[in-house]
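1. sequence-free structure coming up:
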């Protein structure tokens, strides 16, 4: 069965007031994410080893294999973006009490958590992602991965939030100001209700 582009959980103009314009969403979801899905389906069609596998299984199977780099990149980006769309909300930015308490416990404060995420996002050279993960010891931490990689591949933990720091995520709204995009994302776009539901 072919992989499909999931619908956005909000309208294409729903995030405009929070700093992500309709054109960004239309290009990012309808063009970039769609291209990853189309390419992944092409790889699966031609490779019997991939057929019948779930997305998680394909990411794990292709990870670290040079001959499957294209598969990994497109499967990883499909996986990453499914999370990314759910990680944003038109009413984002508010942190539920349960998650806030855990952030304070593990980072020292909400401000320290945001600083750790900003550091991960802004020090990821080139394209990639910043993540809030729950590691194997049950502690929250900030992580980063290049290109289409993710914590599923690296084994860093369960993802609660993922910030896309590829330029197509922010260039129309913030030009080359990645730090401003990340700050805005954490303060106004982040769906902390979703993150809390993953705890």
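-> Thanks, I have the structure now. Nothing here was measured: the structure is a model prediction, and the numbers come from that model.

2. which residues touch stretch 15-25?
-> Stretch 15-25 is contacted from outside by 8, 12-13, 88, 90, 92-93, 168-170, 172-174, 181, 184-185, 188-189, using CB atoms under 8 Å, 6 or more residues apart in numbering. For the C-beta atoms, the positions are set from N, CA and C on the backbone; glycine is no exception.

3. quick one: which of these sit in helices?
-> Members of the contacts of stretch 15-25 lying in helices (criterion: DSSP state H): 172, 173, 174, 181, 184.

4. Which residue would you name as the spatial centre of this protein?
-> residue 162 (3.4 Å; CA atoms, centre = their mean).

5. Got the confidence number for that residue?
-> Model confidence at residue 162, given as pLDDT, is 98.

6. so how many other residues sit close to the residue nearest to residue 163 when sequence neighbours are not counted?
-> Spatial nearest neighbour of residue 163, excluding adjacent residues (CB to CB, 6 or more residues apart in numbering): residue 130 at 4.5 Å. Here the count is done by other CB atoms under 10 Å, and residue 130 has 25 residues near it.

7. ditto for the one 3 residues further on
-> Around residue 133 sit 21 other residues, with neighbours defined as other CB under 10 Å.

8. Tell me which stretches of the chain form helices.
-> Under DSSP H, the chain gives helices at 22-27, 34-46, 55-62, 69-86, 97-107, 110-123, 151-154, 171-174, 178-184, 192-198.

9. From the centre of this protein, point out the most distant residue.
-> Most peripheral residue of the chain (CA atoms, centre = their mean): residue 48, 28.3 Å.

10. I'd say the residue nearest to residue 163 and residue 121 touch.
-> Yes. Counting by CB atoms under 8 Å, residue 130 sits close enough to residue 121 to count as a contact (3.7 Å).

11. Please consider this matter closed, and thank you.
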